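**Q** Fold the following for me, if possible:
(2 chains)
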Amino acid sequence: MSQINRIDGGQIDRSKLLSFTFNGREMHGHPGDTLASALLANGQILVGRSFKYHRPRGILTAGSEEPNALVQLRSGARQEPNTRATVTELFDGLTATSQNHRGPLEFDLMAVTDFASPFLSAGFYYKTFMWPRAFWEKLYEPAIRSSAGLGRLSMQDDPDHYDKGFLHCDLLVIGAGPSGLAAALTAARSGARVILADEDFTPGGRLNSETLSVDNMAGADWARMAVAELASLPNVRLMTRTTVYGAYDHGTYGALERCTDHLADSGGKPRQVLWRIYSKRAVLAAGATERPIAFGNNDRPGVMMASAVRTYVNRFGVAPGKQVAVFTNNDDGWRTAADLAARGVSVVAIIDSRDKPAVCDVPGARHIRGAAVKDTVGRKALKSVTLTDGQVIPTDCLAVSGGWNPNVHLTCHQRGRPNWRDDLQAFVPGDSLPVGMQVAGAANGAMTLGAALAEGHAQAARQLDALGLTAKGSAPQAEDEPRDCAGFWHVKESAKRAWVDLQNDVTVKDIKQANREGFRSVELLKRYTTMGMATDQGKTSNIAGLAILAEDAGKPIPEVGTTIFRPPYTPIPIGALAGRARGKDFRPYRLTPSHKWASENGATFVEVGNWLRAQWYARPGEQGWRDSVDREALQTRQSVGICDVTTLGKIDIQGRDAAEFLNRVYSNAFLKLPVGKVRYGLMLREDGIAYDDGTTARMSENHYVMTTTTANAVLVFRRLEFARQCLWPGLDVHLISTTDGWAQFAVAGPNARNLLRKVVDEAHDLSNEGFPFMACGEVTVCGGMPARLFRISFSGELAYEVAVPARYGNSMMDVLMEAGREFDAVPYGTEALGVMRIEKGHAAGNELNGQTTALNLGLGGMVSQKKDCIGQTLSKRPEMNRDDAIRLVGFRPVDRSKKLIAGSHFITKGDEAIMDNDQGWMSSVAYSPSLGHSIGLGFIKRGHERMGEIVRAMSPVHDTEMEVEIVSAHFIDPEGDRLRG
Amino acid sequence: MIINHPLLGPRDAAEFVYLGDASLIDRPDWQDPDAAEKFYEYGYLRDNPAGQHQELWYHEQGDRSWLVVTRDTLSHEITKVELARDVAKARGRDK
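**A** Sure, this is the predicted structure:
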C-alpha cells in the first residue's frame, strides 16, 4: 500500500523512508511521523475495535488524549498493549497490531455485542449477574474475563531496563508549547536553573500544528529557534519525550522520560526513566484539549477532532480525508477548514451550531448555519453525515470541534478544584494550586496565541521574582485569533447512540439513565457508567459528560463540578515504576560474613529479615533436609557445632548513664550487672506486651554490647534512639549499630571449649572458673587478632559466641572448622538452631508474636516491680494477669510416632471442640533427634499447673486431632548442667 | 514531602520513618497515683486534628535524629521542624 493520503508540506523528513507493518501489512512513513499519521497516510482509517461493543474505530486525535487508536506495539517479550498510535513515534521495523477483536479486524466475531447493546446499558453488570448466585463463578466470571480487557500481555519478562532518577531546579516548566517556551526563555535568560519538559518528541506544542505566526515568523520556525537557544544554555535541561504526570507535595513532580521507545532497539540504554523532580517553582503550560460533540454514530472511523485534522495536514503532511466536512460550535473549528482549503484539501461543508456569519472565507465550502450533525453512515469508514434538517452530506472525514478544555489536571493533584468560566465554556485552574505553581497559556484559559505567549512570559517573571531573580527580555508577539465558543455538548435530535466516552463506550443515554436511577453526583456517575475510567481518564469525555448530566438534572455545570483529578496524567508503565527493583533486585538482601564458606559447603539458604542465612548443610547421601538437620543437631549435642549468628542485631551502648538507660528499656534489672558479665534481657512494648529479647554484655564500666533478635534489629535500635532522644534526653548515653561490624559465631557442644582453646590465644583463661557461664570479655584469637568472647548458650550446651571484625568472618569460619576437625565439628544452620532452641524451651519469634506477655512466656518474674521501665505500668493491667492466663509449656504426642502440628489449638479432654472451649495453641514444633519424637512449645491456660495432663490438639485446617501431654518446655537438660559445665 | 532538617537542611520524606503524634514524648511518671490511667491515655488516645499537627519523624536514612515536625494535615504544609531532643527538654524532660 502506498502513502495515498500523503500531501505536501509538514515537518517530516521525506528523504528517509521507514517501513513498518500494521496487522502484518507492510506500510511506509517518514521520520517525524507518528504511527497514527503514518497509518492515515497509508489510508488505514479503521485501526481498532471498541472496548465494550467492539465497534469499528479510527483515529480521533493527534495527541496523548487518544481514546480509540490503541494498538499492540512490537512483538515477543517487548510487546506492549494499549499503546496510543497518536504518540508512538514511527521507527523503521515497527510492528503494530490492532486490539480487541476475534478474527480479523474487519470482521470481528465479538461485534455481536453491539447488537445486544440495548441490554448492556449502564449498570448492566450490577443488575444482571446478581443471580443465580452459583452461576457467578462457573459461568459469568469466565465469560466476562474472556471477553474483557484491552490488548494482551506477552506473558514474558520485559527484557528492557528502566531507571529512576532525581533532578533539582529553580523553575520547572511543564509543556513546551507557546506559553511554555516563552516562560522557559524568560527564566533561562535570567539565569535560573530551568527544566523544560514536554511529552512530544518535537517541542512547540500547537505551534507545530498551526499556521499562526510569532514575532513575524512561522510559529513552528519560532519554536525551533527558541528550542535551539534553550538547548545552547548551560542552565537549561530540555527534556523531550517526557511527561510530567503528577504534582506532589512541596514542589515535587513525577515525570516519565521515554528514552528509547522511539528506537527499534534500545541498545542497552534504559527504555524509560522515571524522574522525581524537586522544583523551587513551576509553571504549568500544559495547553488544552479539544473536546468532541456527541451525536448519533459519532464514533465512526473518519470522525475526528478538528484540531487533529489540522495537525495531520499541517505537521505531518497527511490529509485524513478527500472530502472533509467540519462540524463546530466555535470559531476555532473554522481554522481547520481554512487550513485544509489552503493546502488543497477539499472542504465540502462547515456545519456551525451557531447561527452567526462565517468566521473566515473558506473556498469551496458550504456554510450551514445553526445546524448540527445528528447521524452518520459508514460502518468501517465514514461515508456521509445527516444533519438535523435532514440533508445528507457525503464526506469521508468529519472534523468535529466542541471547544477546548484547559488541561487543569496537575493544578488539581493537591485536591484543588477548577473554576468554571462561562466565556470559555470550560473549567480553568482554581485558586488552590500546588505550592509554588503558576499556570500559563491555554491551561490557564489564555486560549489565543498572543495571550498565551504574554502569559508564559509574565508567569515566568512572577516566579523569578519569587526566586529573587530579575526577569530579562520581553514576551514574544502574536495575533489573538477569534475564539468565540458556544456551550453545545450533544445533539438532542439524534435518535441513534451518541458516544461520550469512546474508550469505555459510554453514551449520552447511559448518562441520562444514571441520572434517572439516582446516580446524580458526578463521582457516582463516573463509577456507575465507567465514564472517564479508561486509560485515557476521560480527557475527551469527562467535561462533555458532566455537562450532559448538568443539563439533564437542570443544574448549572459548575454546580455539578468535576471528578477529582489524580496522577498520573497519562499511563505509566509498571516497568518504569519498578525501575531496577525487579527479580532478585526487588529487595536488597544481606549476606552473612561466612556466606562464601557456606555456599561452598552445601548450604541451603533461607531469607531471615533482609538476610540470607544458611538453613542447613547437606552432605552427600542425605535424602532430604531432615537428614541434614537431625545430623547437625545431634552432632552439636554430642561434640560441637558452629553457626554464623552475625545477623542478630548488635548495638554498642556507651556513656555514664548506660546502665540506667538499659535498666529502663529492659523489664529486668540491669544496674548491678558486673563488668565482664552478660545478662539475658526482656523488652516490653509500652502496652506491656513482650517485644524482643536478647543478651547485653558489660564490656567495661560504661560500655555495653546489646544483642537483639535478627528480625527486630532495626526496630529495636529505632526505639532505643526514641527513648534516648525523646524520653530521657538528659541521660548521658550514646548508641551505634555494630551489626555489620562484627562477624559472630556460636560454638556449641561438649567440645566447644576444647575447640576454642585452639583458636583463642593462650593468654586468655577459658577454664570454667576463669570464664564461667555468662562471662564476656575482649580476647585475641589466631595470634593477636582482637575478638570478643561471650559464654552464652541458645542451644543449652556448653557454648560460646566469638566475634571478630566482619572482614575476617569468612576466614574465621575456616579457622573454626579446621580447629574442630579432630572433634568432627559440624556447621549448623537455622533449622538445627531452631530444633535445639525448642528442645531447650527458648522463646523465639513464634512465641514473641505481639500477643504474649512476660507472664504468658513464663518470664513474669522478669518484670521488676521496683523500677520504671517501658511497659512496666501497663503490664500490670488485671486482664493481662488473670489466673487462667496462658502459659508457655512443652508438649509431646501421647503416641510418640505422631507428628505435632504448629497452629493446633488445645481442647480439654471431654470438652466440645468449639472456640469457647479453646485453651491455647501450639506455637512451635520440631522433631527432636535427641529424643526421637516430635516435640512442641505452646501456650495453654494455667499450663504451669497442668503438667502431665493429656489434652486434645486440634487443627481444623489439616482436619487432624491428636492427644498430647503437657510437659516442661525444657526437654533437654532441664537443670542446665551442660551449659554451666 | 520535603522536611527541612534543622541540622541537614531540606531532605526528602523518604529518608524518614514516621511515628506519630509528638505527645508520645510526654511519657507519664510511673509513680503518679493515676499512673495506670495516664499510661492508658498515653498509649491509646491521640488527637486527630484536621490542621496543625505536631508529629515525630525519625531520620533513619540519615543522622538518626528524631524530629518534631509541625505539619498541616490538610495541606501538608510544614511550618516548623525541631530536634525532638530540644522539644523534650523544653517540655521538662531530662533524666
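**Q** Skip ahead from the helix or strand of chain A with the lowest mean pLDDT and say which helix or strand is next.
**A** Taking mean pLDDT, DSSP states H and E as the measure, the helix or strand of chain A with the lowest value is helix A:124-128, at a mean of 68. Once helix A:124-128 ends, the next helix or strand along the chain (criterion: DSSP states H and E) is helix A:135.
**Q** so for that next one, what's the average pLDDT?
**A** When pLDDT is averaged along helix A:135, the result is 75.
**Q** residue contacts, residue 47?
**A** Let's take chain A. A:22, A:36, A:39, A:57-59, A:68-69, A:71, A:85, A:98, A:301 (C-beta atoms under 8 Å, 6 or more residues apart in numbering or on different chains). In short, each C-beta sits where N, CA and C put it, glycine included.
**Q** The chain in question should be chain B.
**A** B:21, B:23.
**Q** Just the element for the residue nearest to A:Gly676 when sequence neighbours are not counted, please.
**A** Excluding the flanking residues, the one nearest A:Gly676 by C-beta to C-beta, 6 or more residues apart in numbering or on different chains is A:Gly777, at 5.6 Å. In the assignment (DSSP H and E), A:Gly777 maps to strand A:776-781.
**Q** Give me the distance from that strand to the chain's centre.
**A** The chain centroid and the centroid of strand A:776-781 are separated by 48 Å under C-alpha atoms, centre = their mean, to the nearest Å.
**Q** Let's see it as PDB, backbone CA atoms only.
**A** Presented in PDB, the C-alpha positions along strand A:776-781 are these (Å, rounded to 0.1, in the frame of the first residue of the first chain):
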ATOM      1  CA  CYS A 776      32.300 -12.000  78.500                       C
ATOM      2  CA  GLY A 777      35.500 -10.300  77.500                       C
ATOM      3  CA  GLU A 778      37.900  -8.900  75.000                       C
ATOM      4  CA  VAL A 779      40.300 -11.600  73.800                       C
ATOM      5  CA  THR A 780      42.700 -12.200  70.900                       C
ATOM      6  CA  VAL A 781      42.500 -15.100  68.600                       C
END
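**Q** who touches that strand?
**A** Residues from elsewhere that reach strand A:776-781 (C-beta under 8 Å, 6+ apart): A:676-678, A:697-699, A:705, A:759-761, A:763-764, A:771, A:786-791, A:802, A:804, A:812, A:815.
**Q** Among the residues you listed, which ones are in strands?
**A** By the criterion of DSSP state E, membership of the contacts of strand A:776-781 in strands covers A:678, A:697-699, A:705, A:786-790, A:802, A:804.
**Q** any idea what sits nearest the residue of chain B found nearest chain A, other than its immediate chain neighbours?
**A** Per C-beta to the nearest C-beta, B:Asp94 is where chain B lies closest to chain A, at 3.5 Å. Nearest non-adjacent residue to B:Asp94, counting by C-beta to C-beta, 6+ apart: A:Gly730, 3.5 Å away.
**Q** A strand includes the one you found, no?
**A** No - A:Gly730 is assigned coil when assessed by DSSP: H, G, I helix; E, B strand; the rest coil, not a strand.
**Q** tell me the mean pLDDT for stretch A:347-366?
**A** Mean predicted confidence for stretch A:347-366 is 96.
**Q** then it to PDB, C-alphas only?
**A** Only the C-alpha atoms of stretch A:347-366 are listed here, as PDB (Å, rounded to 0.1, in the frame of the first residue of the first chain):
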ATOM      1  CA  VAL A 347     -13.800  21.000   2.400                       C
ATOM      2  CA  VAL A 348     -17.300  20.300   1.500                       C
ATOM      3  CA  ALA A 349     -19.200  21.900   4.300                       C
ATOM      4  CA  ILE A 350     -18.800  23.800   7.600                       C
ATOM      5  CA  ILE A 351     -21.700  23.000   9.900                       C
ATOM      6  CA  ASP A 352     -21.800  25.600  12.700                       C
ATOM      7  CA  SER A 353     -24.200  25.000  15.500                       C
ATOM      8  CA  ARG A 354     -24.300  28.800  16.000                       C
ATOM      9  CA  ASP A 355     -26.500  31.000  13.800                       C
ATOM     10  CA  LYS A 356     -23.800  33.500  13.000                       C
ATOM     11  CA  PRO A 357     -21.900  34.700  10.000                       C
ATOM     12  CA  ALA A 358     -18.800  32.900   8.600                       C
ATOM     13  CA  VAL A 359     -15.700  33.400  10.700                       C
ATOM     14  CA  CYS A 360     -13.500  33.400   7.700                       C
ATOM     15  CA  ASP A 361     -13.700  32.700   4.000                       C
ATOM     16  CA  VAL A 362     -13.200  29.000   3.000                       C
ATOM     17  CA  PRO A 363     -13.200  28.500  -0.800                       C
ATOM     18  CA  GLY A 364     -15.500  25.700  -2.000                       C
ATOM     19  CA  ALA A 365     -17.100  25.000   1.400                       C
ATOM     20  CA  ARG A 366     -20.800  25.400   2.100                       C
END
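**Q** in it, what's buried?
**A** Neighbour counts over stretch A:347-366 (16 or more other C-beta atoms under 10 Å in any protein chain shown) mark A:347-354, A:359, A:362, A:365 as buried.
**Q** what's the answer for stretch A:920-932, then?
**A** A:920-930.
**Q** so who does A:Glu965 touch?
**A** So A:Glu965 contacts A:891-894, A:948-950 (C-beta under 8 Å, 6+ apart).
**Q** what helix or strand does A:His168 sit in?
**A** strand A:162-174.
**Q** which neighbours does that strand have in its sheet, and in what orientation?
**A** As defined by DSSP bridges, the strand partners of strand A:162-174 come to strand A:194-197 (parallel), strand A:272-284 (parallel).
**Q** Deepest in the core, which of those strands is it.
**A** Among the strands paired with strand A:162-174, strand A:194-197 has the highest mean neighbour count (mean count of other C-beta atoms under 10 Å in any protein chain shown), at a mean of 28.
**Q** Contacts for it, please.
**A** Contacts with strand A:194-197, where a contact means C-beta under 8 Å, 6+ apart, come from A:167, A:169-176, A:180-181, A:184, A:187-188, A:203, A:230, A:235-239, A:242-244, A:255, A:277, A:279.
**Q** Surely the residue nearest to B:Asp94 and B:Arg85 touch.
**A** No - A:Gly730 lies out of contact with B:Arg85 (C-beta atoms under 8 Å); the separation is 9.6 Å.
**Q** So which of those two has more stuff around it?
**A** Just comparing A:Gly730 and B:Arg85: by other C-beta atoms under 10 Å in any protein chain shown the higher neighbour count belongs to B:Arg85, 19 against 12.
**Q** Tell me which residues touch A:Met304, please.
**A** A:58-61, A:320, A:397-400.
**Q** any idea which of those residues is closest to chain B?
**A** A:Thr61 (34.8 Å).
**Q** Which residue is the nearest non-sequential neighbour of that closest one?
**A** A:Ala308 (4.7 Å).
**Q** I'd like the mean pLDDT over the host helix or strand of the one you found, please.
**A** For A:Ala308, the element it lies in under DSSP H and E is helix A:306-314. The pLDDT scores in helix A:306-314 average 98.
**Q** for stretch A:745-762, same thing?
**A** 98.
**Q** again, but for stretch A:249-265
**A** Here the average pLDDT along stretch A:249-265 is 96.
**Q** That stretch: end-to-end distance?
**A** Criterion C-alpha to C-alpha, to the nearest Å; first-to-last residue distance in stretch A:249-265 is 36 Å.
**Q** does chain B sit close to it?
**A** Yes - Stretch A:249-265 reaches chain B (C-beta under 8 Å from any C-beta of the partner chain) through A:249-252.
**Q** Show me which pair in those residues is furthest apart.
**A** For those, the farthest-apart pair by C-beta to C-beta is A:Asp249 and A:Gly251; their separation is 8.0 Å.
**Q** Now for the two: what residues contact both?
**A** A:435, B:2.
**Q** Please report the distance of the residue of chain B closest to chain A from A:Gln654.
**A** 20 Å (C-beta to C-beta, to the nearest Å).
**Q** picking up where we left off before, residue contacts, the residue of chain B closest to chain A?
**A** Taking C-beta under 8 Å, 6+ apart as the test, what B:Asp94 contacts is A:728-730.
**Q** out of these, who's nearest A:Arg271?
**A** A:Pro729 (50.2 Å).
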